[in-house]
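Trainee: let me see the structure of the following:
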Amino acid sequence: MKADNLSRRRVMKSVGTIAGVGVVNSHGENRRTEASERTEQSVISPPEPESQTAWPQVGGDAANTGTRRGARGPKTSITFRWQVEGKSPLSGVVVKDATVYTNDEHRVYALSAADGSTRWSIGTDRSHRVSAPAVGDALVYVGTGSYKSKRERDDPGAYVSHVRAVDRATGEDVWRFEPNRLVDRFHTPTISDGIIYTVGRSVGAGTVGRLYALNGESGELLWTHPTGRSGINGYDAPPVAVTDGTVYLTADKLTAIDGATGGVNWSVDPAGTYKATGINAPAVADGRLYVGRGTETATMFEARSVTDGTLLWEHTVTPPRTARSTRTSRRRKEDGPLPGRWTTPAVSDDSVYVGFNERSPRTNRASVVTALRSDDGTVRWQTSFTDDRHVVYTPATTEKTLYTGGTALALDDGTVRWRLAVPPTRRIDAFAPPAISDDTVYVGGDSLRAITGPL
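Mentor: Residues are numbered from 1 along each chain as shown. Predicted structure coming up:
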């Protein structure tokens with residue numbers, strides 16, 4: 001397929017500029033990292049086994065663990081091996097077999113991991129949107145949908161939404177699934193055991209959706225399950241988590257679904273909903289499910305048993321008082337949990353790592369990354385960012401480093417190792433959740449950067 005090339009800058013650019021932030025470790029010590037700038041030759045290591053080099057779907061795997069055990073990544077003195085820019089922010093980033101796949105609002109791109117050159121791209125005109133891709137053995141899967149004017153929204157025939165499977169090597173269509181009900185758009189897919197799981201936002205009164213399970217080889221519909229309104233609620237629906245044949249869906253309820261039949265194993269209906277925005281998907285590891293939930297005034301992060309949904313522990317975040325404006329302090333209790341949005345967590349060994357962005361106000365809002373013991377929720381460390389331009393994103397971890405958007409933290413104590421400057425015209429979409437492959441961290445956002453450096 002003819003490629004629609006991204007704007008490419010093949011660079012060896014030193015970007016070791018770190019912005020100072022407050023850091024609180026497990027002992028309560030306060031530290032600041034001073035700004036620095038260094039240049040080092042990037043190092044490209046030989047390919048590692050597939051388990052360490054592939055990041056084939058959002059969250060790193062079907063369970064959304066966000067972790068590559070044994071993998072390494074740049075810790076200091078980072079460089080851009082290459083950088084590409086799209087016509088809109090490049091959000092989803094996945095990697096497999098020396099190819100990086102990403103998307104902007106309207107197209108999906110396959111890029112060379114070596115130099116960022118475009119191998120192929122797919123998409124339609126600006127009236128259509130695409131989801132982040134997921135990469136299988138032979139096919140790439142993506143959800144599509146359409147922007148609609150009010151007049152078009154009143155015309156059922158105007159809706160054309162698909163789940164699309166294309167050849168990994170060429171980008172050519174292999175199959176398309178079109179539902180027999182009206183769907184505004186399909187969201188980021190998850191691949192597990194040859195089945196594709198994706199949420200489609202329905203058309204009609206209210207904003208509701210359904211989870212679709214499709215045969216990955218043929219596109220045949222296997223089953224559907226309703227999400228309820230909070231599974232969409234105007235945002236991109238998050239990908240589900242899948243492990244050991246069970247699908248975990250966050251919506252009005254937290255539901256465990258049999259991946260083969262669509263039958264419900266168990267569900268949890270808490271006070272408040274599981275705030276299923278585009279960055280808050282569940283993660284599953286070692287018999288526990290981790291996810292954020294809440295209301296408009298407070299949010300919690302919790303761990304539940306995958307066997308029956310029993311609550312194991314929960315955590316609320318109260319960032320430092322310096323993270324709040326005077327106006328905020330007057331209108332809510334100073335010591336209460338803050339309203340905001342959790343990221344999808346990353347789970348590694350005996351710890352779970354999660355980001356939190358305060359919902360409001362626009363100035364002096366807090367962003368926090370927290371490391372918790374996975375067995376009881378005890379805080380290991382917490383790193384807080386108090387400037388209103390900093391947003392934390394779904395983390396990805398290696399043996400020694402955690403990456404969240406344009407920031408890298410030490411995995412053992414949360415010390416800031418490096419931080420990319422936020423472009424003056426961007427904030428929310430300046431960066432995107434990272435992907436890790438072959439000792440390189442790929443960070444999307446206003447551009448897609450292949451970041452290397454000393455390991």
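Trainee: use CA for all of it now, contacts and neighbours both
Mentor: Noted.
Trainee: can you show me the strands along the stretch 101-250 of the chain?
Mentor: Using DSSP state E, counting those that start in this stretch, the strands of the stretch 101-250 of the chain run over 107-112, 118-123, 128-130, 134-135, 139-146, 163-167, 173-177, 183-186, 190-192, 195-202, 209-215, 221-226, 241-243, 246-250.
Trainee: residue ranges for the helices of this protein, please.
Mentor: 50-53, 150-153, 326-331 (DSSP state H).
Trainee: thinking again about what came up before, can you put the strands of the stretch 101-250 of the chain in CSV and add mean neighbour count, distance to residue 100 and mean pLDDT?
Mentor: Supplementary listing: those in CSV, determined by neighbours: other C-alpha atoms under 10 Å; distance: least, C-alpha to C-alpha, whole Å; pLDDT from 0 to 100:
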stretch, mean neighbour count, distance to residue 100, mean pLDDT
strand 107-112, 24, 5, 96
strand 118-123, 20, 9, 93
strand 128-130, 23, 16, 83
strand 134-135, 28, 10, 98
strand 139-146, 24, 12, 91
strand 163-167, 22, 14, 96
strand 173-177, 16, 19, 96
strand 183-186, 26, 22, 84
strand 190-192, 26, 17, 97
strand 195-202, 26, 20, 90
strand 209-215, 22, 24, 94
strand 221-226, 16, 28, 95
strand 241-243, 24, 22, 97
strand 246-250, 25, 26, 94
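Trainee: make a markdown table out of those strands and add distance to residue 92.
Mentor: Shown next, in a markdown table, are those (distance: least, C-alpha to C-alpha, whole Å):
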| stretch | distance to residue 92 |
| --- | --- |
| strand 107-112 | 9 |
| strand 118-123 | 14 |
| strand 128-130 | 10 |
| strand 134-135 | 9 |
| strand 139-146 | 11 |
| strand 163-167 | 16 |
| strand 173-177 | 20 |
| strand 183-186 | 14 |
| strand 190-192 | 13 |
| strand 195-202 | 15 |
| strand 209-215 | 20 |
| strand 221-226 | 25 |
| strand 241-243 | 17 |
| strand 246-250 | 20 |
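Trainee: between those, which gets nearest to residue 6?
Mentor: Nearest of the strands of the stretch 101-250 of the chain to residue 6, taken as C-alpha to C-alpha: strand 118-123 at 6.9 Å.
Trainee: show me what that closest one pairs with in its sheet, parallel or antiparallel.
Mentor: strand 107-112 (antiparallel) (DSSP bridges).
Trainee: tell me the angle of the strand it pairs with relative to strand 139-146?
Mentor: With axes from the mean of the first three to the mean of the last three C-alpha atoms, to 10 degrees defining the directions, strand 107-112 sits at 150 degrees from strand 139-146.
Trainee: only C-alpha atoms, please: export strand 107-112 in CSV.
Mentor: The C-alpha trace of strand 107-112 is given here as CSV (Å, rounded to 0.1, in the frame of the first residue of the first chain):
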residue,chain,number,x,y,z
ARG,A,107,-4.4,7.2,10.0
VAL,A,108,-2.4,4.2,11.2
TYR,A,109,1.3,4.1,10.3
ALA,A,110,3.9,1.3,10.2
LEU,A,111,7.4,2.7,10.7
SER,A,112,10.9,1.3,10.6
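Trainee: can you give the distance of it from its chain's centre?
Mentor: On the basis of C-alpha atoms, centre = their mean, to the nearest Å, strand 107-112 sits 18 Å off its chain's mean C-alpha point.
Trainee: equivalent analysis for stretch 303-314, please.
Mentor: Using C-alpha atoms, centre = their mean, the offset of stretch 303-314 from its chain centre is 22 Å.
Trainee: contacts for it?
Mentor: Under the contact criterion C-alpha atoms under 8 Å, 6 or more residues apart in numbering, stretch 303-314 has outside partners 256, 265-268, 287-291, 300-302, 374, 376-377.
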